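*Asks:* Starting from these lines, generate the structure:
(chains A, B, C and D)
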Number of protein chains: 2
Amino acid sequence: MTDGADYNQSLKLFIVLSRAYKAINETSSKFFQEHGLNPTEFGVLELLYHKGKQPLQKIGGKILLASGSITYVVDKLEKKGLITRIASPEDRRVTYAEISEEGHRFMSEIFPEHEKNLHELMTALSDEEQKQAIDLLKKLGLSIKDLSY
Amino acid sequence: MTDGADYNQSLKLFIVLSRAYKAINETSSKFFQEHGLNPTEFGVLELLYHKGKQPLQKIGGKILLASGSITYVVDKLEKKGLITRIASPEDRRVTYAEISEEGHRFMSEIFPEHEKNLHELMTALSDEEQKQAIDLLKKLGLSIKDLSY
DNA sequence: TATTGTTATACTCTATAACTATA
DNA sequence: TATAGTTATAGAGTATAACAATA
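*Replies:* Numbering: from 1, shown residues only, chains lettered A, B, ... in the order given. Next up, the predicted model:
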């Protein structure tokens, strides 16, 4: 195989990867929006739902958002009553965001629905094919992360 | 296998798919930006580079952008000297966007570099694994598109 | 001095609606 | 009437920089 063909195959992989991602993401985003959230807000809420309270700083790191933007997103979620700010007793510079009772109830309802939606979108692939795809994409994603250091 | 486990696997596939896509996309976006373009502008330019001149209307359809937004993007590319507007002789309502000589030179330089970057990002997967990934993702992407009709 | 989070501000991108000109 | 593209406008989301409080 020539290098040219190789390049072409990588481009093709990028294209099908983009299309699959965008198709799924579009569906998910619509779902979030129906529940009054944008993808960033859902991401923060999901983080707090699954990993417990987090310093704002840390949320910014995980969601890749500047500190000023975190304040903006956290404000919005707090105004919706889905999270609360909690001052850290150890370090008074630090503020935690924690999911509220209402937020927890909310996520308990919509997260399984989100999972179900994803499951339905994935039914084109058999169980075994999904496993293969997961392995390949995990390998790919991890290696790229390594490259970017 | 229970339904629960199934759902979990779909979620996992979504997560690794998102991570891989975002990692690649971030790298590509940075590359575009280094050359003065955002991903949308690159997308339009790539379309014109590979498919020849297109009515603005049609560009909007392919890139999924409202007509007012297309005007905005095309304006920017035109100001950069990378494309030109051409009035249609047959239907005077129609305007084509065509890549300029400068735009063509520009793409002849950066597109192969873009491909090379992608190729390097994909080297974690063997030739055979890339083929598998392409098949799986194509299958997935197509089926989701079908679902959304 | 460095770090956390907030505030103020500006910018980019996109959508919408009203419009012009053509068909 | 319908369509293509433009213009004007507004809004969401993000980044940046200056700042206050704390370490």
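
*Asks:* only C-alpha atoms for contact and neighbour calcs from this point on.
*Replies:* OK.

*Asks:* pLDDT value on residue A:7, please?
*Replies:* On pLDDT, residue A:7 comes in at 87.

*Asks:* helix or strand for it, which one?
*Replies:* Residue A:7 belongs to helix A:3-34 when elements are defined using DSSP states H and E.

*Asks:* can you pull the contacts of the residue most central in space within chain A?
*Replies:* Nearest residue to the geometric centre of chain A (Cα atoms, centre = their mean): residue A:43, 4.6 Å. Residue A:43 sits next to residue A:63 when contact means Cα atoms under 8 Å, 6 or more residues apart in numbering or on different chains.

*Asks:* Tell me the spacing between it and residue A:37.
*Replies:* Distance, residue A:43 to residue A:37, using Cα to Cα, to the nearest Å: 10 Å.

*Asks:* what's the answer for residue A:137, then?
*Replies:* Distance from residue A:137 to residue A:37, by Cα to Cα: 27 Å.

*Asks:* which of these two has more neighbours?
*Replies:* residue A:137 (25 against 18; other Cα atoms under 10 Å in any protein chain shown).

*Asks:* Can you classify that one by secondary structure?
*Replies:* Per DSSP: H, G, I helix; E, B strand; the rest coil, the local secondary structure of residue A:137 is helix.

*Asks:* Show the residue spans covered by the helices in chain A.
*Replies:* For chain A, the helices defined by DSSP state H occupy A:3-34, A:39-51, A:56-63, A:67-79, A:101-121, A:127-147.

*Asks:* can you redo the ones you listed as CSV with distance to residue B:146?
*Replies:* Listed next are the helices of chain A as CSV, based on distance: least, Cα to Cα, whole Å:
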stretch, distance to residue B:146
helix A:3-34, 10
helix A:39-51, 23
helix A:56-63, 31
helix A:67-79, 34
helix A:101-121, 10
helix A:127-147, 19
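
*Asks:* Counting neighbours, what do you get for the closest residue to residue A:67 other than its chain neighbours?
*Replies:* Closest residue in space to residue A:67, ignoring its immediate chain neighbours: residue A:60 at 6.4 Å, by Cα to Cα, 6 or more residues apart in numbering or on different chains. Neighbour count of residue A:60, defined by other Cα under 10 Å: 18.

*Asks:* What's the per-residue pLDDT of residue A:60 here?
*Replies:* 96.

*Asks:* for it, what are its contacts?
*Replies:* A:66, A:67, A:70.

*Asks:* wait, doesn't the second one sit right on residue A:59?
*Replies:* No - the pair formed by residue A:67 and residue A:59 falls short of the contact definition of Cα atoms under 8 Å, at 9.3 Å.

*Asks:* pLDDT score assigned to residue A:111?
*Replies:* 97.

*Asks:* and residue A:67 and residue A:59? which has more neighbours close in?
*Replies:* residue A:59 (22 against 14).

*Asks:* That one and residue A:46, how far apart?
*Replies:* Distance from residue A:59 to residue A:46, by Cα to Cα: 11 Å.

*Asks:* Minimum distance to DNA strand C, which residue of chain A gives it?
*Replies:* residue A:57 (2.9 Å; Cα to the nearest atom of the strand).

*Asks:* where are the low-confidence patches of chain A?
*Replies:* The model of chain A has pLDDT under 70 over residues A:1-5, A:148-149.
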